[in-house]
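Student: Structure of the sequence below:
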Amino acid sequence: MKNKKPIIALGALAVVGLIAGTIAYFTSEATFDNVFTTAVYKTKSEETFNSPDNWTPGQEVPKTVITENQGTIPVAVRVSTTETWKNEQNETIDVNTIAGIEAALPGTPKKIAIINLDNTSDWAYDEATDAYYYKRALAAANGTTYDKTNSFIKSVTLNANLPVDSECATTTNENTHTTTKTCTTAIQGLGKATYTLTLTVETVQYDQYKPVWFSYDAENNYSHAVAITPAS
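Tutor: All right, here's what the predicted structure looks like:
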C-alpha cells in the first residue's frame, strides 16, 4: 500500500498539467478597405466672336459665350463684363468724362457700345457684383453628354446716334481744273478709339456658390445672393 501513494500523486499532477494546457482564447480579425473616389471638376467655355476692323455707328457684331459642365458634380456659372476704351496712344479713355457725349445720345440706353442681351429668362443680373448668373446649376456629365448654358449675350452694337466730328480739306488742281474735297469723320471725343469687351466666366461647385461668390451681411445672411436652383 505504501508503494502506490507516489503514483497517485504523480497522476494528480498530470491531470492538473493537462487542464492548464487546454485553456484557449477566441480571436478574430477583419479588414475593411474604404475607397473614396474624388469628383471630377471640369468645365469648358467657348466664345463665338469675330473682331471688326472698321466698326461703324449702328453696326451690330455677333458675340456669344457658352459654358458646359464636363465633370461629375453640378456647377454654378456666372459671367462678369468689363468695358475699356483706349485712344490711338493706347491710353485708357473714361468715356463718362467726355463732355456732352451722353447728352448727345437720345433715348435709352445711353451707352456708346450697346450689349444686346439674349435668353434673359435664363440669366439673372446682379448690380452689386456686376455679373450675370445662370439661374440653374449645370448637371453632372452623363457619359459624353454635357449640360450647358445658353448665351446671355447675342451681339454688341456701336450706338447709331453717336455724334461725329468732320474735318474737310479742299485742294484745287489748276492744270486739270479739278477740285477735290477730302473729309475725315471721327466719333466726337473718341476719334480712332479701340473698344474692348472682356467677359470673365466663373464656375464653382453648386453647393458652394454662396460662400464663394457672396459675403455675409450684419445679420449673417448672404448679401445680394442670387438664387440658383439645383440642376434638373
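
Student: Quick one: residues contacting the residue nearest in space to the middle of the chain.
Tutor: The centre of the chain sits closest to Glu202, judged by C-alpha atoms, centre = their mean, with a distance of 1.8 Å. Contacts for Glu202 (C-beta atoms under 8 Å, 6 or more residues apart in numbering) come out as 77-80, 131, 213. Backbone N, C-alpha and C define where each C-beta goes, glycine included.

Student: Mind checking which of the residues you listed are buried?
Tutor: Buried by 16 or more other C-beta atoms under 10 Å: 77-79, 131, 213, out of the contacts of Glu202.

Student: Strands - which of the residues you listed land there?
Tutor: Residues of these located in strands (DSSP state E): 77-79, 131.

Student: For the protein, which segments count as helices?
Tutor: Ranges of helices within the chain are 5-21, 209-213, based on DSSP state H.

Student: Going by mean pLDDT, which of the ones you listed comes out lowest?
Tutor: Mean pLDDT is lowest for helix 5-21 among the helices of the chain, at a mean of 46.

Student: about what we covered before: is it possible to get TSV of the ones in strands among the buried ones among the contacts of Glu202 that adds pLDDT and distance to Gly189?
Tutor: Listed next are these as TSV, based on pLDDT from 0 to 100; distance: C-beta to C-beta, whole Å:
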residue	pLDDT	distance to Gly189
Val77	95	36
Arg78	92	33
Val79	92	29
Ala131	93	29
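
Student: Now render those residues as TSV, adding distance to Thr196.
Tutor: Converted to TSV, these look like this (distance: C-beta to C-beta, whole Å):
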residue	distance to Thr196
Val77	22
Arg78	20
Val79	16
Ala131	18
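
Student: Could you export the contacts of Glu202 as CSV, including distance to Ala124?
Tutor: Shown next, in CSV, are the contacts of Glu202 (distance: C-beta to C-beta, whole Å):
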residue, distance to Ala124
Val77, 11
Arg78, 9
Val79, 11
Ser80, 13
Ala131, 9
Trp213, 12
